[in-house]
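**Q** Okay, sequence plus prediction incoming.
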Amino acid sequence: MRIAVIRFPGSNCDLDTIEALSKIPNVEPHLIWHEDNELHKYDAIILPGGFSYGDYLRAGIIAAHSPIMKQVKNLAEKGMPILGICNGFQILIEANLLPGALLRNNSLKFICKWVRVRVETNRTPFTYTLNKGSFLRIPIAHNEGRYFIPKSELKDLYKYDQIVFRYVDELGKPSNKANPNGSIDNIAGICNREGNVVGMMPHPERASQSILSPYYTEDGKKIFESLINYMRMVSLC
Amino acid sequence: MKEKFLVYVTIEGKPMARDPEGETIHRVLLAKSRYNMVKSVRVAKLLKMIVEAESEDEAERIVTELCDNLRLYNPAAHKCSIKVNGRIK
Amino acid sequence: MKEKFLVYVTIEGKPMARDPEGETIHRVLLAKSRYNMVKSVRVAKLLKMIVEAESEDEAERIVTELCDNLRLYNPAAHKCSIKVNGRIK
Amino acid sequence: MLKDIQLSLTNNEIRLVRKMLGREPNQLEWAMIDTEWSEHTSYKSSKKVLKLLPTKGRYVVIGPGYDSGVIDVGNDYIITLHIESHNHPSAIDPYGGAATGIGGVLRDIICMGTKPIALIDPLRFGMINKSDHSKWLFINVVRGIADYGNCVGVPTVAGEVEFDESFERNCLVDVACIGIGLKKHLILAEARYPNDLLILAGGSTGRDGIHGVTFASKVLSEKSDEERSAVQVPDPFMKKLIIDATLEIVETGYVRGLKDLGGGGLTCSLSEIAAKGGCGVEIHLEKVNLREPDMSPIEIMLSESQERMLFVVKKEGLEKISKIFEKYDIPYSIIGKVTDDGYLTVKMRGEVLARLPAKMVANAPIMHKKSRKPEYIELYKNIKPPEEPKNLDEVFLKLLSSPNLCSREWIYRQYDHEVGIRTIIKPGQADAAVLKIPNEKFLAVTSDGNSKHCYLDPYYGAAGCMAEACRNIIAVGGKPIAMVDHCQFGDPNKVDVYWTFVEAVRGMADYCKALHIPCVGGKVSFYNEDTVTNSAIKPSPVVMVVGLINNAKYITDMSLKMVNDAIMMIGLTKPEMGGSEYYEYIHNLIGGIVPKVDFQFEKRLHKLMDKIIKKRLAKAIHDCSKGGFAIGLVEMCFPNNLGVEVDCSKIPSINCRLDELLFSETHGRFIIEVSKDNVEDIMELASKMNIECNVIGRVCGNRFKLKMNDHDIFNFSIKELKNIWSQALPKYLGEI
Ligand SMILES: Nc1ncnc2c1ncn2[C@@H]1O[C@H](COP(=O)(O)OP(=O)(O)O)[C@@H](O)[C@H]1O
Ligand SMILES: [Mg+2]
């Protein structure tokens, strides 16, 4: 399985994502510079975290204009699994592949912290083998991660089952206290209507080795493994 | 002949999106009682562009178009206003 | 009687200082695009305040003072300008 | 000519320049020499003293003298380390000053051809609980570090903050950085091969920073303060591109020398690479990419514009290297070449503007400074101890929320401390950060300083910084292998300030020699004086120590883990209360005897701890330092909300009153959690090495219970204590 990890100028979790993927059997991760044009050769695409173009103007907006995003859009329409992590999520939003906006954290500060999220749907390639309602411990690290969407469109997110992750507390509840940045309805990740394009603020690549987790877990890895299982399933059909 | 115009683009949150920065400044002001005449604060981003165009109108048209086309604001959360602020020699 | 005024506070880097954000927006998004008639971009922060005061002058005076007192900008790095932008009903 | 410019050179130096050159230098030449011979770049007042520090050792590849120190961590890998400060810029513009400070230290790491993998930020401010100015400095410095470090993708993994009134107007903003690379890619700041090309890459050269150097001249263009920024604007995005591009370029194998542009700008970089490489350089100013077209040669040669790097490359590599710069959209220009004449030659459109021997420019004559022990030292030593307080509960709660002892979470939450996926022990989890490195080993990192101790006794204060830093490394399971230091003092021309500098270096040097820890680099920052009171800051040497951990199973943190485990105290507690947080914050008392460092004991202690770690006898390890035993112990309770029952009469001590037992900052002590089965082993090891050690209590419940024989001292709920401790900083900052 060939997975493209796109590096934009200023990406900084690209190599981390490659490292996390390389620990999964049968996966060949490739670092793709944002000016390359061979994306169609891959089975899935990941837009990693970081500060593409320094987050100038607004996180993700300048990278969203990069020529490679045209290919990403095309492949998204064809159903290719695409995951945006943190800055990658911001880019997908600014490229109009996902709805809503990611605004400055309510605290007005960057937040680097392990959080707990609940899996809200398993219809995406990245949550395919996870149980709906199950929990993951993954860290966040962002300045502009407050998910916002006008009320009317929020209804649609629910209607079309587009909410993928929500921040929850130790009791598993999406409480105010568990909301690190002020996201509407504690939303930590969403997908498009078709489900193949997913964006999430937490960093699964940082939670893929137990030695890096204060909980000795590998919850982030589950997201990548899910993708692999999903692809295998698709190729069997 | 083309001239140069100074064009201001203001990008700010829509009223229903919270503006934590404005709220924070306001809260700090209120905490100092002598500034309670400040009734609200909202923070926006201002881009000052120098644009070459035939006329003020054209300058405004160009910038309006590029703000939409390049999505200098995110329509889900922001509104954007454009104002030509005179010629530059 | 007191009235309400809309006061704009613009905080920006000093004229000779670099503005990496504006430069990057210009270089990457505009200079090489069909919007190359935009010759430069500088980014500033705009605070919109609603202030109750006796007069325009008073509104301006209050805001000037609070910007200094609360260190809403750092005179070593920024330039700050204040402008009353009309009454509010 | 000379009358048009004001030099900071002494009359002796001016005479010497004329003699060495055999002619009168022109304005540009004076300006260049003046900058390069300034204290900041030449170390003329400190060099002799710094020689006391040992610089050799089994792991050392390159010691002081280059942009970073280099140590060999095995399997073809090297680690680079350096420390810098940006004190004066941060005092005017805390946000930009701190940010560009990081930019500076990152350049020192990448110009060795290594990849930056961690930042460490030791900071010092005035009392944020009293001063709005210090609050403003503190909030913005932290934000500046966060915004810059996070954006360039280098995790800030450790740091340290101290609050003391002497830093009210002169805050200290230090940043240290660690890099990693393959030994075969190591590059030095040297120009060794004539005809190699000099490429200047990165940001354009502007007028910023020219204010920064000592040089003042009528020749500089007069721009009003209104227009000219007194500060440098950080551009972390450009820095990130430079890091990525430089590492890619280094891999081509065509780079033969690399140097960053920092203080002294082109003048400093060019003269140093030439002098170090034994060659000369010739540059053409019209090739320099300028931000403002009308800059004078002096301005170009002195500009300290950020985000620039100087590459010395083989001609054949030019095409390949250019492609990489273009890929990253980094401006670059070939500004000249290496020559064989040993001269630094500056030309503009063919005309020679300056021509000076590189070695002469790069090596300022050393200055001899007078020193004298300040009078206050003896005075403060002999103060009377305060009366023992009746209510120790109150004292303890107050200490828990003291700015110097409370939780640092408010700071490190703002730092991306995980990017790079190597941070195994994260901020707040233990005494030092632990990083995974590619050779299957682990690196422990910490920084320490203690201006209160150093003020009262610079020798033992500074030795104590080393002792504490080493304990921090040991507490996570590491073995200290190298250090860099940063000496921050007032005006070195004041004899008593200079004395504290000499004593501090002596203290560090004696510790390093005794424990065989080489110093591989450092920095000196003088003239840290309060502009209003005209007094110097408290002497503030800061050290960063790195340690190696060979196996993941030795990594230990400080959290208590299991009910009924024994709590043991290693080391002897003495009534050494001078400079303690207890004296200063509770009793408002400056003075007393500062904790001493017993070098022979330290050696034995390190050995004992090494055995305990290798045999995996301890489940949690924490060192006792600021705040003393009581604070150290409660910090171990917080992570897992586990309580303790401890009998303080069991703590090995001599001549201590109860308050001293609880809050003395005596060196050489650890608190450890041990499963019952291992207590015997540890007692035996300790007694063999002649080190005091005792079981003082056990882990149990969720209350903090301390007693002395039969009488209760403390009985608090851990939750309540943790609230006080963790909310203190946000409260001082007005957030809650
Ligand atoms: N306090 C010190 N102890 C040991 N070495 C020092 C000290 N201060 C400076 N050095 C060494 O002197 C050299 C020059 O330092 P510096 O001028 O700070 O380099 P740069 O400014 O290029 O980073 C460096 O190798 C540095 O490690
Ligand atoms: Mg350097």
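**A** Now that the structure is in, tell me what you want to look at. Residues are numbered from 1 along each chain as shown, chains lettered A, B, ... in the order given. Ligands and ions are numbered 1, 2, ... in the order given.
**Q** longest single helix anywhere in chain A?
**A** Among the elements of type helix in chain A, defined by DSSP state H, the one spanning the most residues is helix A:219-236.
**Q** packing partners for that one?
**A** In this structure, helix A:219-236 packs against helix A:14-22, strand A:135-142, with contacts taken as 3 or more Cβ pairs under 8 Å, 6 or more residues apart in numbering or on different chains; DSSP states H and E. (C-beta placed from N, C-alpha, C; glycine too.)
**Q** Any chance of the ones you listed in CSV with distance to residue B:84 as columns?
**A** Putting these into CSV (distance: least, Cβ to Cβ, whole Å) gives the following:
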stretch, distance to residue B:84
helix A:14-22, 41
strand A:135-142, 36
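**Q** Any regions of the stretch 101-250 of chain D where pLDDT drops low?
**A** Counting by pLDDT under 70, the stretch 101-250 of chain D contains low-confidence ranges at D:209-230.
**Q** ranges for the helices of it?
**A** Assigned by DSSP state H, counting those that start in this stretch, the helices in the stretch 101-250 of chain D fall at D:132-152, D:236-252.
**Q** can I get those in JSON lines with mean neighbour count and distance to residue B:88?
**A** Output for the helices of the stretch 101-250 of chain D, formatted as JSON lines (neighbours: other Cβ atoms under 10 Å in any protein chain shown; distance: least, Cβ to Cβ, whole Å):
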{"stretch": "helix D:132-152", "mean neighbour count": "23", "distance to residue B:88": "32"}
{"stretch": "helix D:236-252", "mean neighbour count": "23", "distance to residue B:88": "27"}
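**Q** Dump those helices to a markdown table, plus distance to residue D:637.
**A** Formatted as a markdown table, the entries for the helices of the stretch 101-250 of chain D read as follows, by distance: least, Cβ to Cβ, whole Å:
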| stretch | distance to residue D:637 |
| --- | --- |
| helix D:132-152 | 27 |
| helix D:236-252 | 38 |
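**Q** can you tell which of these is closest to ligand 2?
**A** Closest approach to ligand 2 among the helices of the stretch 101-250 of chain D (Cβ to the ion): helix D:236-252, 13.8 Å.
**Q** Number of residues surrounding the residue nearest to residue D:112 when sequence neighbours are not counted?
**A** Nearest residue to residue D:112 in three dimensions, chain neighbours excluded: residue D:80, at 4.8 Å (Cβ to Cβ, 6 or more residues apart in numbering or on different chains). Under the neighbour criterion other Cβ atoms under 10 Å in any protein chain shown, residue D:80 is assigned a count of 30.
**Q** The host helix or strand of residue D:80 pairs with which strands, parallel or anti?
**A** Take DSSP states H and E as the rule and residue D:80 turns out to sit in strand D:77-85. Strands adjacent to strand D:77-85 in the sheet, as given by DSSP bridges, are strand D:69-74 (antiparallel), strand D:172-182 (antiparallel).
**Q** contacting residues around the shortest one?
**A** With Cβ atoms under 8 Å, 6 or more residues apart in numbering or on different chains as the test, strand D:69-74 has contacts from D:59-63, D:78-82, D:112, D:183, D:186, D:437, D:439, D:441, D:443, D:481-482, D:484, D:519-521, D:546, D:548.
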